[in-house]
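J.: Sequence and predicted structure are below.
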Amino acid sequence: MPKLRPIPKALCLLFPLLLGASGAHADDPVIARVLVEGSRGSQLGLADSASQGSVSGRELELRTVYRPGEILEATPGLVVSQHSGEGKANQFYLRGFNLDHGTDLATFIDDMPVNQRSHAHGQGWTDLNFLMPELVGRLDYGKGPYSARVGDFASAGSAAITYVNRLPQNIATLSAGQNGYGRAAIAASTELGGASLLYALEGLHNNGPFTNGDNYRKYNGVLRLSQGYANNGWNVTAMAYQGRWNSTDQIPLRAVDNGSLGRFDAIDPTDGGRAERLSLSGTWRQTGADTSSKVSAYVIRNRLDLYSNFSYFMNDPVNGDQFAQPDRRVTSGLTASHTFHLHQGPWQVSDWTVGAIGQNDNIFNGLQHTRAQQVLSSVRADHIVESSAAVYVENATRWTDVFRTVAGVRADRYRYDVKSDLAANSGSASAGIANPSLNLIFGPWAATEFYVNMGNGFHSNDARGTQTRVDPATGAPLTPVPGLVRSKGLELGMRTEAIPKMQTALSLYRLDFASELTYVGDEGTTEAGRPSRRYGIELSNYYKPVKWLSIDFDAAYARARSRDSDPLAGNYIEGAVEGVSQLALTVDKLGPWSGAVRLRYFGPRPLVDDNSVRSHSSTTLNGRIGYKINGQTRLELEGFNLTNRRTSAIDYYYASQLASEAVPRADLHFHPIESRSLRATLIRNW
């Protein structure tokens, strides 16, 4: 057997650039990255900042999640919550933001954007309920506006989930649990005429602990045909999802305190929703010795009917305040990028990437006053065509063996066409923005790298806001908002693996926004607000002392304030998350056993801008234990809220009026975290 020679140091230093020097979001690898199953891949030489990272499918599989969107909590510092029934888009918190249902958190699945702009309920609506955990190959995440490859909604962070093209083993799962929980799923792949055919089906039901059960019914399917590999090949994918549910919206604390309402009761039992998603997408990639190209295209059809009641009987004491937000849309888009590599001397190696992105949304949505899901009147109805195009250039250069840079510039152009049922709120507008970014990476020295990151980003506002001149409910005059709002970010970071078997990342950041989006409780929408500034610090630590045990500890703190002075209000930002942390212990392949426990702390938030009312903090403990019966069969038991804490998943402070009250009252409104529950799952591979 020939003796293996060590890899030359120079070649080791070139690997990060060959892999694509855009870090965790590398789209054009020339050499396929190798991950050792069960351990986290090193980000030294790959990531462009301390707040970038990648989580493998195996690591995600070992997490305990109550709902699919919680997979994103593998991103350090990110909290995923819910203020309504299962089936509705989650609530997200990151870097001092209450991100509502996804604003300023750009989310992608197989290059398809999940965020829905100019949505009936909230800008950037991110519904991840169609996600199938069995198909997830990896999660790539980043924070801050430091990459030209991501644009709208990405200022606080971005998350990209990649599905596998083929499964190493086919899998069938059957789950049952408390509160009417049941799930059946199958995922398999087979060879078909020189290509690989992947298919997956899922059915789910869940009531939750609520008096008026969620009765969430989900049906999900994926069909993918692919050929080749990640860096040379193509795939075509069809997805279909349907969900129906009852909403268990937030309830007022005063009614629980006086005993007229239980923690898991609902005020309007007819709240609920229906969602559908159909998509067809395709990706083509080609990689040569010094070039790589990628093209992705998609068409997505989304439908939502959402019925909510947050203020109860404040606006209509007779019929109640339930409102409907129907949204119908077809989203189409294309992304293309080309990377070429230049070698100049022993150290100086450059990647030049040029890219183009286009997206079009054809949207019909509205706001209606309803009672028991029956329309009483229409507040507004709109037809929106929102189109955007972007081009970017990014350069990644290694100047010496301990210094490299990633610099880019991106230009975006948007056009909004709104046809409203109120002529004064109809019209067209366009907006453009250009954003540079620069990343300086120093090292490695003693398995340690240092980062300086700076860049501009943006989020788009609702297209209706760019044309609305008259409040459709009151007739009061309004001032249109700008279509695009700039953000500016700066970050200092460090990543080290100096301690054997441990990976640590530390970052300090500042993020400014020219306009803050704030939540409007009685309409369930967002509106443009005051400019803001956030400072924060984040720590991420991963330790694998032995082959079968890994320990994760993440902690983050943020300070969020409005930047302009308002003598009639404070400078705090409502709902802005301050402190979060998690501690997780994971056991994998300890003989036939596996398992995990995860402790999550979700800190208090200011609920009004003078900080006179604050939310409660919450600490929850989830866990799972698995036993491998034989080579193809294993049994898992999952537990949620194991200490059965009586705490909130989310809190708001606003005015509402119960049927028994003569006048509105300002109060804390909360959605309780689900009580302790268990689920058992039988998993069969073949």
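T.: Cool, got the structure. Not measured: the values here are computed from a predicted model. Numbering: from 1, shown residues only.
J.: use CA for all of it now, contacts and neighbours both
T.: Will do.
J.: Report the beta-bridge partner residues of the residue nearest to Tyr652 when sequence neighbours are not counted.
T.: Spatial nearest neighbour of Tyr652, chain neighbours left out: His669 (5.1 Å); criterion: CA to CA, 6 or more residues apart in numbering. Here His669 sits in beta bridges with Pro252, Tyr652, going by DSSP bridges.
J.: Please tell me I have it right and His669 contacts Leu253.
T.: Yes. His669 is in contact with Leu253 according to CA atoms under 8 Å; the separation is 5.7 Å.
J.: More neighbours: which of the two?
T.: Neighbour tally, His669 and Leu253, criterion other CA atoms under 10 Å: the higher count belongs to His669, 25 against 18.
J.: Who are the contact partners of that one?
T.: Each residue near His669 by CA atoms under 8 Å, 6 or more residues apart in numbering is listed here: 250-253, 651-654.
J.: I only care about these that end up buried; give me the ChimeraX line for that.
T.: Only the buried entries of those go into this ChimeraX selection, using 16 or more other CA atoms under 10 Å:
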select :250,251,252,253,651,652,653,654
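J.: picking up where we left off before, Leu607 versus the residue nearest to Tyr652, what's the distance?
T.: Using CA to CA, to the nearest Å, we find His669 at a distance of 10 Å from Leu607.
J.: what's the overlap in contacts for these two?
T.: The overlap between the contact sets of His669 and Leu607 (CA under 8 Å, 6+ apart) consists of 651-653.
J.: Dump those into a markdown table; add distance to Thr287 as well.
T.: What follows is the shared contacts of His669 and Leu607, written out as a markdown table (distance: CA to CA, whole Å):
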| residue | distance to Thr287 |
| --- | --- |
| Asp651 | 49 |
| Tyr652 | 50 |
| Tyr653 | 54 |
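J.: now, which of those sits nearest Arg495?
T.: Using CA to CA, Asp651 comes nearest to Arg495 of the shared contacts of His669 and Leu607, at 34.8 Å.
J.: So what's the residue count around Asp152?
T.: Residues lying near Asp152 (other CA under 10 Å) number 23.
J.: just His459 next, same as before
T.: Neighbour count of His459, defined by other CA under 10 Å: 25.
J.: just Arg166 next, same as before
T.: Neighbour count of Arg166, defined by other CA under 10 Å: 23.
J.: Please, where are all the strands along the stretch 501-650 of the chain?
T.: 502-513, 517-520, 525-528, 532-546, 549-562, 579-590, 593-602, 618-628, 633-640, 648-656 (DSSP state E, counting those that start in this stretch).
J.: So which elements touch the helix or strand containing Arg244?
T.: Assigned by DSSP states H and E, Arg244 belongs to strand 233-246. Under the contact criterion of 3 or more CA pairs under 8 Å, 6 or more residues apart in numbering; DSSP states H and E, strand 233-246 touches strand 216-228, strand 272-287.
J.: Listing partners with orientation, what would you give for it?
T.: Strand 233-246 has the following sheet partners, assigned by DSSP bridges: strand 216-228 (antiparallel), strand 272-287 (antiparallel).
J.: mind putting the ones you listed in JSON lines, distance to Arg676, mean neighbour count and mean pLDDT included?
T.: What follows is the strands paired with strand 233-246, written out as JSON lines (distance: least, CA to CA, whole Å; neighbours: other CA atoms under 10 Å; pLDDT from 0 to 100):
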{"stretch": "strand 216-228", "distance to Arg676": "18", "mean neighbour count": "21", "mean pLDDT": "96"}
{"stretch": "strand 272-287", "distance to Arg676": "24", "mean neighbour count": "21", "mean pLDDT": "96"}
